[in-house]
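Colleague: I need the structure of the sequence given here:
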Amino acid sequence: MKFKLFPDAYVSSIYKIPFEELYNKGYRALLFDIDNTLVAHDAPANDAAKQLFKDLKKIGFGCIAVSNNRRGRVKSFADAVEVPYIYLAAKPFRGAYHKAMSEIGCDNKHCIMIGDQLFTDIWGARRCGIRSILTKPVNRHEKFWIILKRIPEKVILFFYKLRHGNADDGVKNFNKTVSNWDNR
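Modeller: Sure, this is the predicted structure:
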């Protein structure tokens, strides 16, 4: 049995994920954390994020933002990238993940959660049977309570890296990992 806090894959940047390969393997929905996954905390959607979502929709993915942040922040980002959203998601609790899957019409076998935090994004996804991809945080400057969570995350990531390699190993390791994924 896999450790619930280990992601299925770990990448240094969301922009290094081979989304077409994931689509070709049968995944149809992507659940995204926003802050420090796509942009810095409370930053607006930048051109790269807007283009990413255009490309993902063109591939055929259903996308939704799932964030623990407040409504105004999540809505403004989601509106800018033109995706539905769930705010005050209370990740890692299962409710928001189930709501997100329902909203975009997908089950856990065809979804992937992408986020930067083990104790919210990854743990919640794993509890729901959703594949998970951990990204390195976009920005080192974080709120105090997130910095506190990063301390035990570093310990867990140390053991993850011993077993699976470092995100800095790049797309090669990620592609190897994804090629072993089945569509449960």
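
Colleague: which SS class is the residue nearest to the spatial centre of the chain?
Modeller: In the chain, the C-alpha nearest the mean C-alpha coordinate belongs to Ile114, at 0.9 Å (Cα atoms, centre = their mean). Counting by DSSP: H, G, I helix; E, B strand; the rest coil, the backbone at Ile114 sits in strand.

Colleague: and if you look at the one 10 residues further on?
Modeller: The assignment at Gly124 comes out as helix when based on three-state DSSP.

Colleague: ok so, going back, in the sheet, who's paired with the residue nearest to the centre of the chain?
Modeller: Note on Ile114: beta-bridge partners by DSSP bridges are Phe32, Ile133.

Colleague: Now do the contacts for it.
Modeller: Ile14, Ile17, Leu30, Leu31, Phe32, Asp33, Thr37, Asp121, Ser132, Ile133, Thr135 (Cβ atoms under 8 Å, 6 or more residues apart in numbering). (Glycine included, C-beta is placed from N, CA and C.)

Colleague: Can you verify the third one is assigned to a helix?
Modeller: Looking back up the chat, that one is Leu30. No. Under three-state DSSP, Leu30 falls outside any helix and is assigned strand.

Colleague: Give me the distance between it and Leu5.
Modeller: Distance, Leu30 to Leu5, using Cβ to Cβ, to the nearest Å: 21 Å.

Colleague: Comparing the two, which residue is more hemmed in?
Modeller: Leu30 (26 against 19; other Cβ atoms under 10 Å).

Colleague: Can you list the buried residues in stretch 55-69?
Modeller: For stretch 55-69, a neighbour-count test (16 or more other Cβ atoms under 10 Å) marks Leu56, Phe61, Gly62, Cys63, Ile64, Ala65, Val66, Ser67, Asn68, Asn69 as buried.

Colleague: Was I right to think the fourth one contacts Lys54?
Modeller: No. The pair Cys63 and Lys54 fails to qualify as a contact (Cβ atoms under 8 Å) at a distance of 10.4 Å.
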